[in-house]
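Participant: what's the 3D shape of this:
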Amino acid sequence: MITVPQAAIDLAKRFEGFHRVAKNDPGRAHPYVCPAGYWTIGYGHLCDPKHPPITEAEAEAYLAQDLKAALAATLRYCPVLATEPEGRLAAIVDFTFNLGAGRLQTSTLRRRVNQRDWRGATQELRRWVYGGGRILPGLALRREAEVAHLDVDPLKSGAA
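Facilitator: Numbers count the residues shown, from 1 in each chain. Sure, this is the predicted structure:
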C-alpha cells in the first residue's frame with residue numbers, strides 16, 4: 001500500500017496553512033471562503049459555513065483524510081505514478097487535493113502524466129492558475145512548487 005508522500009503533506013500545508021484564526025479565539029480555525037469561493041476550514045478542508053471552529057489537531061486529521069482521498073484518486077487516474085519517484089506522485093496528489101479528482105480525471109495533465117510526458121505535464125500544471133477568471137498569485141506559486149517536484153531535466157525535451 002502506498003502512503004501519502006511527505007512532500008504532498010508539506011505542499012498542502014505550505015499553501016493552505018492553518019492561519020484562519022480569529023483574534024478572540026486563538027489556536028482555533030474558523031470556516032472561511034477560499035479564493036475559489038468554497039467554504040473551507042483548517043488546511044483547506046471543504047466544509048459548511050456553519051462548521052464549528054477546530055483545533056490544529058483536528059485540522060491535521062482532516063488533512064490526513066483529504067490527502068488519502070487525493071492519493072487514491074491520483075493513483076486511480078494516473079496509475080503510472082505508483083512506479084515513479086515520490087516527488088512526482090506528491091506533485092499530482094497536491095494538485096488533486098487542491099482542485100479535486102474530477103479536474104484531474106478530465107484533464108490533459110492526466111494524459112501527459114500517463115504518457116510519462118513530464119515536460120508536457122509541467123506545461124499543463126502551469127495552466128491551472130486561474131480563479132474567478134483571473135490568475136491567482138497563490139495558485140501560480142503552488143503550481144510552480146508542484147512543477148519543481150516533477151523533477152524534469154531542462155536539457156531533455158519531450159517525455160522523460
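Participant: Now the helix or strand harbouring A8: buried residues?
Facilitator: Element membership of A8, judged by DSSP states H and E, is helix 6-16. Residues 7-9, 11-12, 15-16 are the ones in helix 6-16 that count as buried (16 or more other CB atoms under 10 Å). The way it works is simple: take the backbone N, C-alpha and C, and place the C-beta from them, glycine included.
Participant: next one: stretch 56-76
Facilitator: Going by 16+ other CB under 10 Å, stretch 56-76 has these buried residues: 58-60, 62-63, 66-67, 69-71, 73-75.
Participant: for stretch 138-149, same thing?
Facilitator: Buried residues in stretch 138-149, defined by neighbour count with 16+ other CB under 10 Å: 139, 142-143, 145-147, 149.
Participant: From those, which shows the smallest pLDDT?
Facilitator: On pLDDT alone, L139 ranks lowest of these, at 93.
Participant: and that one, what is it in contact with?
Facilitator: L139 makes contact with 35, 128-131 under the criterion CB atoms under 8 Å, 6 or more residues apart in numbering.
Participant: rerun that using 7 Å as the cut-off
Facilitator: With contacts defined as CB atoms under 7 Å, 6 or more residues apart in numbering, L139 is in contact with 128-129, 131.
Participant: One more: A36?
Facilitator: By CB under 7 Å, 6+ apart, the contact list for A36 reads G131.
Participant: that's a helix at it, yeah?
Facilitator: No. Counting by DSSP: H, G, I helix; E, B strand; the rest coil, A36 is not found in a helix; it is coil.
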